[in-house]
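>>> Whatever this is, show me its structure:
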Amino acid sequence: MSTKKTISKVLISVYYKEGLDSIITAFSKKGVEFYSTGGTYDFIRSLGVNCNKIEDLTGYPSILGGRVKTLHPKVFGGILGRPDLDSDSQEMKSWDINPFDAVIVNLYPFEETVKAGGTHEEIIEKIDIGGISLIRAAAKNYKHVLCISSPDQYKDLVEIANRQECDTDLNERMRFASLAFERSSSYDSAIFRYMAGQTSHDAIKETVYKDESPVQILLKNPVHLRYGENPHQQGTFYGDLEKVFTQFHGKELSYNNLLDLEAGISLVNDFEETTVAILKHNNACGIASRNSVIDAWAAALEADPVSAYGGVIVINRPVDEAAATEINKIFFEIILAPEYEKNALDILKTKKNRIILQAKTFDFQAQQFRTALNGVLLQDKDLKTETIGDLKIITQEQPDREQMEDLIFANKVVKHTKSNAIVLAKGKRLLASGTGQTSRVDALKQAIEKATTFGLSLEGAVMASDAFFPFADSVEIAYNAGIRSVIQPGGSVRDNDTIDFCNKHNISMVFTGIRHFKH
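Modelled structure (predicted):
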């Protein structure tokens with residue numbers, strides 16, 4: 001028996017309508033029959049597409065203020081019925097029940113209403129009964145019914161609708177059923193946490209996590225990625241990307257894309273000035289602060305135009321047409337900015353697969369974690385960003401104003417660079433960096449060689465180190481390359497050797513007292 005199921009009859013009951021139009025349009029072209037309620041029915045009809053009212057199917061209107069609409073045997077019999085089972089088939093025929101092939105549901109915004117500080121009455125009314133029942137029923141009967149439980153799955157559904165036979169196979173329906181039960185579980189858990197928080201029963205209250213840890217958040221909202229770090233690895237993101245950015249254009253985001261975006265957003269968020277960062281493998285290959293995006297872009301690109309190819313661009317200011325024209329001259333994979341002029345967006349959209357994202361304001365989790373051995377490591381996120389007031393000048397030579405600004409700039413960049421890390425900068429621009437080396441000297445040599453390769457002078461540049469110098473050799477190498485000011489945490493038993501070298505060669509050096517390892 002074939003596991004393929006052609007979709008010809010769909011029940012749709014959604015709270016959020018965004019993105020639904022593309023699904024309706026694609027399915028309507030295949031002659032799919034729609035059944036819906038209330039606002040969803042009106043939305044479908046507004047698209048000029050015919051739709052059947054659930055109340056015409058059941059013979060009952062929406063009652064009790066909308067609390068009861070779909071809870072009826074004609075609806076749930078059509079979802080839970082097994083047409084290939086003789087007893088089910090006979091009963092369905094005797095009660096005039098026709099099967100549904102797909103159910104599209106998203107739930108009342110219970111979690112959002114709680115977070116927004118809604119009244120108790122408003123929150124209770126956002127507990128979805130019919131929707132959650134439809135999801136569970138369709139997921140249970142995945143052998144016969146496709147269950148779509150989140151707008152995150154709409155892109156997949158459009159792809160299904162565009163298939164020649166408009167069909168799904170058993171494994172595909174099982175995957176969506178798994179996602180549906182995950183959504184049902186997290187939704188019910190959110191209701192439990194809220195309700196338990198309202199009761200005086202201490203035994204229940206002790207199980208409630210009002211401030212969720214990253215591990216708890218991990219269990220919610222899975223987004224299945226094309227693959228993991230490499231094509232032979234599976235990848236899944238748990239979280240809510242809609243709160244982070246809006247995607248205007250391009251292909252689906254990958255595991256590596258999300259890591260680069262995490263690194264880029266974290267980096268650029270440390271800068272108040274107009275700043276453009278170009279990232280490759282989670283490290284900045286170019287970054288600069290200027291008065292305009294176009295100037296910051298040009299300065300950032302000069303540091304390493306080779307690595308910028310295929311990179312990720314993160315900007316903390318709106319992108320205008322002039323900047324977009326220049327940025328569009330190279331191949332890159334992703335651009336993220338808080339806003340785009342219309343003409344700028346049109347220019348950037350000229351590449352089919354280029355991912356264009358508009359950043360939203362959101363709060364990073366205060367903690368971060370990673371798997372290790374047979375458990376999980378959890379730590380506070382490195383949110384410390386040093387200012388001029390945090391710096392301790394420990395040499396006879398004093399850094400001038402421009403050097404001080406460059407030291408702060410370089411220290412922000414080195415904080416977000418893989419250890420062992422060295423960053424060389426001048427004029428609020430990255431000249432070169434040494435990343436992920438097993439010794440600090442190797443990191444410095446790598447940075448100097450890179451700057452030389454691209455013809456960038458290090459005369460008068462500054463150097464930032466993510467950790468202290470165990471010996472004076474790094475500072476000596478930097479001095480011979482033309483570097484004249486250094487920022488580092490300090491704390492080595494041989495700090496005096498490094499300070500003595502700086503004093504003998506008129507190099508200024510400041511200590512931060514803060515190490516910024518990033519592994």
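>>> Leaving out the residues flanking it, which one is nearest to the residue nearest to the spatial centre of the chain?
Centroid check for the chain by Cα atoms, centre = their mean gives Leu241 as the closest residue, at 4.5 Å. Leaving aside its chain neighbours, Leu241 sits nearest to Val223 (6.7 Å; criterion: Cβ to Cβ, 6 or more residues apart in numbering). From N, CA and C alone the C-beta is placed, and that goes for glycine too.
>>> Now the one you found: which helix or strand?
Using DSSP states H and E, Val223 maps to strand 222-224.
>>> Tell me which residues of that strand come out buried.
By 16 or more other Cβ atoms under 10 Å, the buried positions in strand 222-224 come out as Pro222, Val223, His224.
>>> for stretch 382-391, same thing?
By neighbour count with 16+ other Cβ under 10 Å, stretch 382-391 contains the buried residues Glu386, Leu391.
>>> Determine how far the last residue of that stretch lies from the first.
The first and final residues of stretch 382-391 sit 18 Å from each other (Cα to Cα, to the nearest Å).
>>> got it, and stretch 96-108?
OK, stretch 96-108 end separation, Cα to Cα: 30 Å.
>>> Ok, stretch 154-169 next?
One end of stretch 154-169 to the other measures 17 Å (Cα to Cα).
>>> and that stretch, average pLDDT?
In this model, stretch 154-169 carries a mean pLDDT of 88.
>>> contacts for it?
Under the criterion Cβ atoms under 8 Å, 6 or more residues apart in numbering, residues 3-8, 19-20, 22-23, 26-27, 30, 32, 104, 146, 148, 172, 176, 252 lie in contact with stretch 154-169.
>>> what do you get for stretch 112-119?
So stretch 112-119 is in contact with Glu122, Ile123, Lys126, Ala190, Tyr194, going by Cβ under 8 Å, 6+ apart.
>>> ok, so of those, who is nearest Val376?
Proximity of the contacts of stretch 112-119 to Val376 (Cβ to Cβ) peaks at Ala190, which lies at 22.4 Å.
>>> I'd assumed that closest one was in a helix, is it?
Yes - counting by DSSP: H, G, I helix; E, B strand; the rest coil, Ala190 is located in a helix.
>>> Check the burial of it by counting its neighbours.
The tally of other residues near Ala190 (other Cβ atoms under 10 Å) stands at 17.
>>> Find the nearest non-adjacent residue to it, please.
Nearest one to Ala190, counting by Cβ to Cβ, 6+ apart, is Glu111 at 4.9 Å.
>>> what phi and what psi does the backbone show at Ile12?
Per-residue torsions, Ile12: phi -120, psi 130 (degrees, to the nearest 10).
>>> How much space separates it from Leu458?
Counting by Cβ to Cβ, to the nearest Å, the gap from Ile12 to Leu458 is 63 Å.
>>> So which of the two has more stuff around it?
A direct count of neighbours by other Cβ under 10 Å for Ile12 and Leu458 places Ile12 higher, at 26 against 22.
>>> now Ile483, what's its secondary structure?
coil.
>>> re earlier: verify the contact between the residue nearest to the centre of the chain and Glu252 for me.
No - counting by Cβ atoms under 8 Å, Leu241 does not reach Glu252; the two are 10.8 Å apart.
>>> Just the contacts of stretch 154-169: which are in strands?
Lys5, Thr6, Ile104, Leu146, Ile148 (DSSP state E).
>>> tally of neighbours for Ile110?
Rather than Ile, residue 110 is Phe. Phe110 has 21 nearby residues by other Cβ under 10 Å.
>>> can you pull the contacts of the residue nearest to Leu241?
Taking Cβ under 8 Å, 6+ apart, we find Val223 in contact with Asp152, Thr236, Phe237, Tyr238, Gly239, Leu241.
>>> Need the buried ones from these selected in ChimeraX.
Typed into ChimeraX, the next command selects the buried ones out of the contacts of Val223 (criterion: 16+ other Cβ under 10 Å):
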select :152,237,239,241
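>>> Tell me which entries of the contacts of Val223 lie within strands.
With strands taken from DSSP E, the overlap with the contacts of Val223 comprises Thr236, Phe237, Tyr238.
>>> tell me which of those residues is nearest to Val423?
Of those, the one sitting nearest to Val423 (Cβ to Cβ) turns out to be Phe237, at 29.5 Å.
>>> Identify the bridge partners of the closest one.
Val223 (DSSP bridges).
>>> okay, the contacts of Val223 in JSON lines with distance to Ser307 next?
Output for the contacts of Val223, formatted as JSON lines (distance: Cβ to Cβ, whole Å):
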{"residue": "Asp152", "distance to Ser307": "32"}
{"residue": "Thr236", "distance to Ser307": "29"}
{"residue": "Phe237", "distance to Ser307": "25"}
{"residue": "Tyr238", "distance to Ser307": "30"}
{"residue": "Gly239", "distance to Ser307": "28"}
{"residue": "Leu241", "distance to Ser307": "26"}
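>>> which one of the contacts of Val223 is nearest Gln368?
The closest of those to Gln368 turns out to be Gly239 (Cβ to Cβ; 12.5 Å).
>>> pLDDT score for the closest one?
Looking at Gly239, the pLDDT reads 80.
>>> What does Lys53 show for phi and psi?
Dihedral angles (degrees, to the nearest 10) for Lys53: phi -80, psi 140.
>>> same question but for Glu111, I mixed them up
Dihedral angles for Glu111 - degrees, to the nearest 10 - are phi -60, psi -40.
>>> Surely it and Ser189 touch.
No - using Cβ under 8 Å, Glu111 makes no contact with Ser189, being 9.9 Å away.
>>> So for these two, which sits in the more crowded spot?
Neighbours per residue (other Cβ under 10 Å) separate Glu111 from Ser189, with Glu111 holding more: 20 against 15.
>>> what's the pLDDT at that one?
At Glu111, the model reports a pLDDT of 84.
>>> Repeat that for Asp320.
At Asp320, pLDDT is 96.
>>> show me the contacts for Gly264.
So Gly264 contacts Ala277, Leu279, Val312, Ile313, Val314, Leu336 (Cβ under 8 Å, 6+ apart).
>>> no no, Val103
Val10, Leu11, Ile12, Ile79, Leu134, Ile135, Ala137, Ala138, Val145, Leu146, Cys147, Ile148.
>>> in this protein, what spans have low per-residue confidence?
1-2, 65-67, 69, 196-221 (pLDDT under 70).
>>> Which residue of it lies farthest from its centroid?
Most remote from the centre of the chain, using Cα atoms, centre = their mean: Ser94, at 50.4 Å.
>>> quick one: it from Gly81, how far?
Ser94 sits 12 Å away from Gly81, taking Cβ to Cβ as the criterion.
>>> Next, count neighbours for the closest residue to Ala421 other than its chain neighbours.
Closest residue in space to Ala421, ignoring its immediate chain neighbours: Asp466 at 4.4 Å, by Cβ to Cβ, 6+ apart. Using other Cβ under 10 Å, Asp466 has 26 neighbouring residues.
>>> and Asp466, what is it in contact with?
Val414, Lys415, Thr417, Ser419, Asn420, Ala421, Ile422, Pro489, Arg515, His516, Phe517, Lys518.
>>> re earlier: turn the contacts of Gly264 into CSV, columns for neighbour count, secondary structure and distance to Ala324.
Listed next are those as CSV, based on neighbours: other Cβ atoms under 10 Å; DSSP: H, G, I helix; E, B strand; the rest coil; distance: Cβ to Cβ, whole Å:
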residue, neighbour count, secondary structure, distance to Ala324
Ala277, 28, strand, 17
Leu279, 27, strand, 19
Val312, 26, strand, 16
Ile313, 25, strand, 11
Val314, 27, strand, 15
Leu336, 24, strand, 13
